[in-house]
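*Asks:* next input, structure requested:
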Amino acid sequence: MALVLQSGPASEPVSVEEAKGYLRIDGNSEDALVSSLILTSRLHVEAALGVALITQDWRLVLDHWPRSGAVRLPLRPLQSVNAVRVFDADGGHATVDPARYVVDTAGTPARLIATVAGWPKPTRVGNGIEIDLTAGYGGALEDVPEPIRQALLLLVAHWYEHRDPIEIGSDGVAIPASVSRLLKPYRMVRV
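*Replies:* Residues are numbered from 1 along each chain as shown. The predicted structure is shown next:
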C-alpha cells in the first residue's frame, strides 16, 4: 500500500503574517524561515494525526483488495472518493463503477466497501489498484479546527526558538507538551 500526493493544499493552515504576529517579528527578513517552519509544522502534525488539514488530493495504491472487501482509507477527514481504477497485466485500466462500492465516512478511518457485486480483480502483479481521494477539513485556513491551528503556532514558535542543528540519533529538543495536548483530541484511537 502506498499513499501518493497528487495535489497539495492551496494554502497553509496558518499564514506567514499570523505566525509573525505570534512570534512578534517585525519586517520581512524572516519571512522565508517562518514560511518554512509553517510548512514543516503542518507536515509534522498531518503525519502525527493521519489527517490532511487543508484540502488535498491523494492516490492510494494497492496490490490487491483486502479479503474483507473493505479498504481502509488512511487519510481523514475524507471529503470524497474520486475514482477507483483496476489495472490489467498490460498496463491498461478500467474505472470501477461507483455503483459497485459504498464510501463509509461514519467510521474512523473511512472505508471503501464493495457492494454485492464485489471488486473486479486486478491482473497486474503489483500496484494493480488505484483509489483517488480528496481529504481535508476544507480549502481555507479557517476550516481547520482552532486547537490544531494553535498547536501549529506553538510548534512554529518552538522551532523558531530552537534552530540548533541536531545530530541524527541524538536526543533533540522535545516537542512541547502543550502541542501534544492540543492535538490529543484529534488523534485516531486504535483498539
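
*Asks:* got the contact list for the residue nearest the centre of the chain?
*Replies:* Nearest residue to the geometric centre of the chain (CA atoms, centre = their mean): residue 52, 3.3 Å. Contacts of residue 52 were listed using CB atoms under 8 Å, 6 or more residues apart in numbering, and they are 9, 46, 58, 75, 76, 77, 135, 136, 137. Every residue, glycine included, has its C-beta placed from N, CA and C.

*Asks:* which SSE is the second one in?
*Replies:* Following DSSP states H and E, the helix or strand that holds residue 46 is helix 31-49.

*Asks:* name the strands paired with the helix or strand that that helix is followed by and say parallel or antiparallel.
*Replies:* Per DSSP H and E, helix 31-49 leads on to strand 56-62 as the next helix or strand towards the C-terminus. Applying DSSP bridges, strand 56-62 is found paired with strand 2-7 (antiparallel), strand 129-135 (antiparallel).

*Asks:* so which of these is the most packed in?
*Replies:* Each of the strands paired with strand 56-62 was scored by mean neighbour count; the highest is strand 129-135, a mean of 21, by mean count of other CB atoms under 10 Å.

*Asks:* so how far is the helix holding residue 46 off the chain centroid?
*Replies:* Centroid separation between helix 31-49 and its chain, computed with CA atoms, centre = their mean, to the nearest Å, is 13 Å.

*Asks:* picking that back up, out of the contacts of residue 52, flag the one nearest to residue 126.
*Replies:* Comparing the contacts of residue 52 against residue 126 with CB to CB places residue 58 closest, at 19.0 Å.

*Asks:* let me see the contact set for the closest one.
*Replies:* 3, 4, 5, 6, 52, 75, 132, 133, 134, 135.

*Asks:* who's it bridged to?
*Replies:* Beta-bridge partners, per DSSP bridges, of residue 58: residue 5, residue 133.

*Asks:* which parts of the protein belong to which domain?
*Replies:* 2-53+139-186, 56-135 (automatic domain parsing).

*Asks:* as JSON lines, these with mean pLDDT would be great.
*Replies:* Shown next, in JSON lines, are the domains of the chain (pLDDT from 0 to 100):
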{"stretch": "domain 2-53+139-186", "mean pLDDT": "92"}
{"stretch": "domain 56-135", "mean pLDDT": "93"}
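
*Asks:* what's around the residue lying closest to residue 88 once chain neighbours are set aside, how many residues?
*Replies:* Computed as CB to CB, 6 or more residues apart in numbering, the closest residue to residue 88 that is not its neighbour in sequence is residue 123, at 4.8 Å. For residue 123, the neighbour count with other CB atoms under 10 Å is 12.

*Asks:* got the phi and psi for residue 123?
*Replies:* phi -110, psi -10 (degrees, to the nearest 10).

*Asks:* ok, residue 83 next?
*Replies:* Residue 83 adopts backbone torsions of phi -160, psi 150, taken as degrees, to the nearest 10.

*Asks:* that one against residue 93, yeah?
*Replies:* No. The criterion here is CB atoms under 8 Å, and residue 83 misses it with residue 93 at 9.9 Å.
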